[in-house]
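>>> Kindly return the folded structure for what I paste below:
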Amino acid sequence: MRWSSWLFLIALLSCTLAGCAAEYERPALEDMAMIGVMGFDYVDDTQMKVLVSIPVPAKGKETTQIYATQASMTSEAMLALAPKVERTITLSQLRVILFSEELARKSGIGKVVLDLYRNPIVGENVFIAIVKGKVEDVIRGKYKNKPEINTYLNDLLRPRVETAFSSFSTIHDFVFMMTSNIGDPNLPYLVKQDGSIEIAQVALLRKDKMIGLYSQREGKLVQCLLGRKRLPRVKFGFGGPDAAEENADMEEIIFDFVWSKSKVRSNGNTKKPVIHIDLELRGVVVGYDGKKNLDKRPQITKLVKQMEKRIQSETKTMLKNYQKWGVDPAGLEESLRQKYHGKWTREKGLALYKKADLNIKVKLDILGYGTIK
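Next up, the predicted model:
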């Protein structure tokens, strides 16, 4: 009887507690408003305009809802947007974050990125980009024969060999670069024109503030120095009215890099630092317009020397400019840090980097050739 009484009492208490418990139901998927793209435009030093793009499944054609508000923080923006949306708004499917160039230059993007980075709902595969002009114009733009804006931007910013001139940074990658003591971030720079969005250049940042742009060609060299094995194709032009050699014939080469390797090391001297850079490149001439006969070995050798000299010259000019600006997107400071004795700081690294001499060597191998005119 004693055990029966205890069992009856436990059952009674369980029923009582169940009746008092609050009723909770997880929202159904169709009740969720999943933000795909989030954009930020500059308003003033304390406020920014926050835009969100939400895909809406529909029969036959995808549609997009766009909402906007002004806020000083992303969490404040989410609070302001929630009553405007007829469904439960969430960042669980966020894939792209856009910043206007004005915001990136004046206020920096670090505060927003860190706020989203600390949000456990936000996933890892969230890409970041800088936009020329206003983000609102990009998000609200009409793009003929393109998918809806969430899919369009997500596909555009996914890394491909053809656009490997930029570090397609996820939110985690950017936080790592922003807080690094041996380099500076770079991000895709988007331009809206002719009814489409183009990754036109690369945005160069110092910590979290944009300070300038560099070309796709320079971006390819930066990615080579960072250790990327497969690079996009590059066009070389020799001769013409600006040629250094007199009576030089005009030549154009389209070169496809199939493999690259970089080795960066310093001499360890803090008074007269020298950074030695060895670039080893292999590829195929896929297009050639000139008078050389590439079936003859001496002609190929001459072409190789021309290209090696051009790559060496362009790399040195580019890095000298970065030294003047006090930014290091190629991560050359790591070679200085490796041989530095004592506590390393970014200020010490930049001081050594800015006064370092550059010794650049290029070795190029042509593995074959394709179209010859």
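>>> what residue lies at the spatial centre of the chain?
The C-alpha lying nearest the average C-alpha coordinate of the chain belongs to residue 168 (CA atoms, centre = their mean; 3.0 Å).
>>> Just list the residues touching that residue, thanks.
When the contact criterion is CB atoms under 8 Å, 6 or more residues apart in numbering, the partners of residue 168 are 127, 157-159, 188. Every residue, glycine included, has its C-beta placed from N, CA and C.
>>> and it, which of the three is it?
Look at residue 168: counting by DSSP: H, G, I helix; E, B strand; the rest coil, its state is coil.
>>> check which helix or strand covers residue 321.
Secondary structure assigned from DSSP states H and E places residue 321 in helix 297-325.
>>> Residue 287 too?
Residue 287 is part of strand 274-289, with elements assigned from DSSP H and E.
>>> for residue 81, same thing?
When secondary structure is defined by DSSP H and E, residue 81 falls within helix 74-81.
>>> could you point out where this structure is predicted with low confidence?
For the chain, the stretches flagged by pLDDT under 70 are 1-30, 59-60, 240-248, 370-373.
>>> Which segments of it make up each domain?
In the domain annotation for the chain, the residue ranges read 29-214, 225-372 (automatic domain parsing).
>>> so which of these is the most packed in?
Scoring those by mean neighbour count under mean count of other CB atoms under 10 Å gives domain 29-214 as the most buried, with a mean of 18.
>>> Would you mind giving both backbone torsions of the closest residue in space to residue 165 that isn't next to it in sequence?
Residue nearest to residue 165 in three dimensions, not counting chain neighbours: residue 219, with 3.1 Å by CB to CB, 6 or more residues apart in numbering. Taking degrees, to the nearest 10, you get phi -60, psi -40 for the backbone angles of residue 219.
>>> what does residue 216 give?
Backbone torsions for residue 216, taken as degrees, to the nearest 10, come to phi -60, psi -40.
>>> what about the closest residue to it other than its chain neighbours, which helix or strand?
Spatial nearest neighbour of residue 216, excluding adjacent residues (CB to CB, 6+ apart): residue 165 at 4.4 Å. Element membership for residue 165 (DSSP H and E) is empty, with no helix or strand holding it.
>>> between the contacts of residue 168, which is nearest residue 90?
residue 127 (18.5 Å; CB to CB).
>>> hey, where'd the strands end up in the protein?
Assigned strands in the chain, in chain order: 32-34, 37-42, 48-56, 63-71, 88-90, 96-100, 127-131, 186-193, 196-206, 209-214, 234-238, 251-266, 274-289, 357-372 (criterion: DSSP state E).
>>> Redo those strands as a markdown table? Include distance to residue 343.
Compiled in a markdown table, these are given as follows (distance: least, CB to CB, whole Å):
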| stretch | distance to residue 343 |
| --- | --- |
| strand 32-34 | 46 |
| strand 37-42 | 36 |
| strand 48-56 | 37 |
| strand 63-71 | 39 |
| strand 88-90 | 44 |
| strand 96-100 | 33 |
| strand 127-131 | 31 |
| strand 186-193 | 27 |
| strand 196-206 | 22 |
| strand 209-214 | 26 |
| strand 234-238 | 41 |
| strand 251-266 | 18 |
| strand 274-289 | 21 |
| strand 357-372 | 25 |
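>>> can you give me phi and psi for residue 35?
Per-residue torsions, residue 35: phi -70, psi 130 (degrees, to the nearest 10).
>>> right, so of the strands of the chain, which gets closest to residue 321?
With distances scored as CB to CB, the stretch of the strands of the chain nearest to residue 321 is strand 209-214 (8.5 Å).
>>> in its sheet, what does the closest one sit against?
strand 196-206 (antiparallel) (DSSP bridges).
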